[in-house]
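Colleague: Sharing a sequence plus its predicted fold:
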Amino acid sequence: MTNLTEEKDLPSQFLLAKSESEPAPETALPADISLAALQSEFSEILQEADFFEKSMAHMAEANRFGALLLQIDDMADRLNPNELLIALMRQTDHVSRESGGLWGLMDNFQVGIVLPETDEAACKKAAERIKTAFARQTGKTLTAGIAVYPTISYDKSRILENAKKAVVHAEFFGPDSCVPFDAVSLNISGDQYYQKGDIAGAMQEYNLALLLDHGDVNVHNSLGVCYGVKGELDEALSAFKTAMRLDPKEIMPIYNAGYVYLLKKEYAPALEHFQKAEKIDPEVFELAFQTGRAYLNTDAPQTAVKYLETATRLNPKACSAFRLLGDCYHLLDRLSDAVNAYKSALKLNSEDACTLSALGFIYEIQGQNADIALMFCRRSSQLEPDNGLFRHRLARIYYNRRQLDEALEEFQKAQDLGYDSAYYIEQTMKHLRAAQ
């Protein structure tokens, strides 16, 4: 490997599917919502636990049923939240009575309703009736999520949960939206599990999404990312290739496949995929960074440098990009540029062991900042005591300072850790014997 410091692989270096628009940010609910005020209109409101239990009993004999979940848009900004909730409950109660359904109050003051012997189309009509009547009465809008039973392998107890996922999906489209539970709902839910670090939960959602829509490119890509994070690279590559077949112009699976090849140290196919992705969009940080890294690993720092310069432009807060750019400049004997790149990396992370070691070593080569060079190399070995390269560089500084006992100790540690320090061990021992 040509690059001077080993780059660590992180899950965040995969590209996970993202929706074209972002969901509305979470806002605090108004503090003046009063259950007592709501009960002045509906004395026996079913709250979430009771609503769930009674709705399941209500639908026990139903061969099919639908669930709606409705929430008032921008609830935190409303001056009269109790009145608005009462208005929503009135409309929900009216539709529920007509349809033989059951309704209740869910968490975050969402209102849920289950409707027996109902399909998705009928649920949409019911949701639109409630939304239209509510808007006419209050001038405000609702966001709605719909789920129906049966849906793939879900039992009845999961349908209200699916309606919640549909509401989160609807939020991506902004206020006054109504969305049925589908593969995209599960993809969004899977992404949420992924962001929390629950890879198994995410994969479960993605696999269920594929049962609903096996042709969803984003889901195949997301599943591939999970396999990649788990280190199951062949499975990850298979998922990305499926996504590529479904949509050859989608950049994420092309890049991700290239990244898998990079992890496998198969640099030719990695670069082939990165170049395909670059033709689609060259202004992606991860793409520029990993392309530069791949060229650096194939003894081509003169090509790598332009990609890493692009990476630092696209993400000026990426310590690793500045560090690898410094490695490129070092290999090209552009030491002043290397120093500047390493300094930029240290401004972003003053405890980056790789950068501390590399910058300390260059200072030693230049014969400048001797005390700083020693301090940096010592600190890098403290941060990563099992890194043979860092030990060897520290030993070189001791050696040049004629601190031979310290040098020999560090050279031997470097050798034990797999770095070839045999020549310097021999030279140091010769100097020590001569001094006796």
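Modeller: That came through fine. Since we're looking at a predicted model, the values are computed, not measured.
Colleague: measure the nearest residue to residue 351 once chain neighbours are set aside to residue 243 for me?
Modeller: Counting by Cβ to Cβ, 6 or more residues apart in numbering, residue 351 lies nearest to residue 383, which is 6.3 Å off, once chain neighbours are set aside. From N, CA and C alone the C-beta is placed, and that goes for glycine too. Counting by Cβ to Cβ, to the nearest Å, the separation of residue 383 from residue 243 is 38 Å.
Colleague: so residue 346 makes contact with residue 352?
Modeller: Yes: with contact defined as Cβ atoms under 8 Å, residue 346 reaches residue 352; the gap is 6.6 Å.
Colleague: Now do the shared contacts for the two.
Modeller: Residues touching both residue 346 and residue 352 by Cβ atoms under 8 Å, 6 or more residues apart in numbering: none at all.
Colleague: Where does the prediction get shaky in the protein?
Modeller: Scanning the chain for pLDDT under 70 picks out the ranges 1-12, 17-31, 77.
Colleague: Repeat the analysis, applying 80 as the threshold.
Modeller: Per-residue confidence of the chain (counting by pLDDT under 80) places the weak regions at 1-12, 17-32, 76-79, 436.
Colleague: coming back round to it: quick one: which of residue 383 and residue 243 has more around it?
Modeller: residue 243 (27 against 15; other Cβ atoms under 10 Å).
Colleague: list the contacts for the more buried one?
Modeller: For residue 243, the contacting residues are 217-218, 220-221, 224, 250, 252-253, by Cβ under 8 Å, 6+ apart.
Colleague: In a markdown table: those, plus distance to residue 138 and neighbour count.
Modeller: Listed next are the contacts of residue 243 as a markdown table, based on distance: Cβ to Cβ, whole Å; neighbours: other Cβ atoms under 10 Å:
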| residue | distance to residue 138 | neighbour count |
| --- | --- | --- |
| 217 | 40 | 19 |
| 218 | 36 | 26 |
| 220 | 42 | 27 |
| 221 | 41 | 29 |
| 224 | 45 | 30 |
| 250 | 42 | 18 |
| 252 | 41 | 26 |
| 253 | 45 | 30 |
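Colleague: tell me which of these is nearest to residue 52?
Modeller: When the contacts of residue 243 are ranked by distance to residue 52 (Cβ to Cβ), residue 218 comes first, at 30.6 Å.
Colleague: So which elements touch the helix or strand encompassing that closest one?
Modeller: Take DSSP states H and E as the rule and residue 218 turns out to sit in helix 217-229. Here helix 217-229 is seen to pack against helix 183-195, helix 199-212, helix 233-246, helix 251-263 when contacts are counted using 3 or more Cβ pairs under 8 Å, 6 or more residues apart in numbering; DSSP states H and E.
Colleague: Let's have these in TSV, adding distance to residue 393.
Modeller: Rendered in TSV, the data for the helices and strands packed on helix 217-229 read as follows (distance: least, Cβ to Cβ, whole Å):
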stretch	distance to residue 393
helix 183-195	38
helix 199-212	37
helix 233-246	32
helix 251-263	26
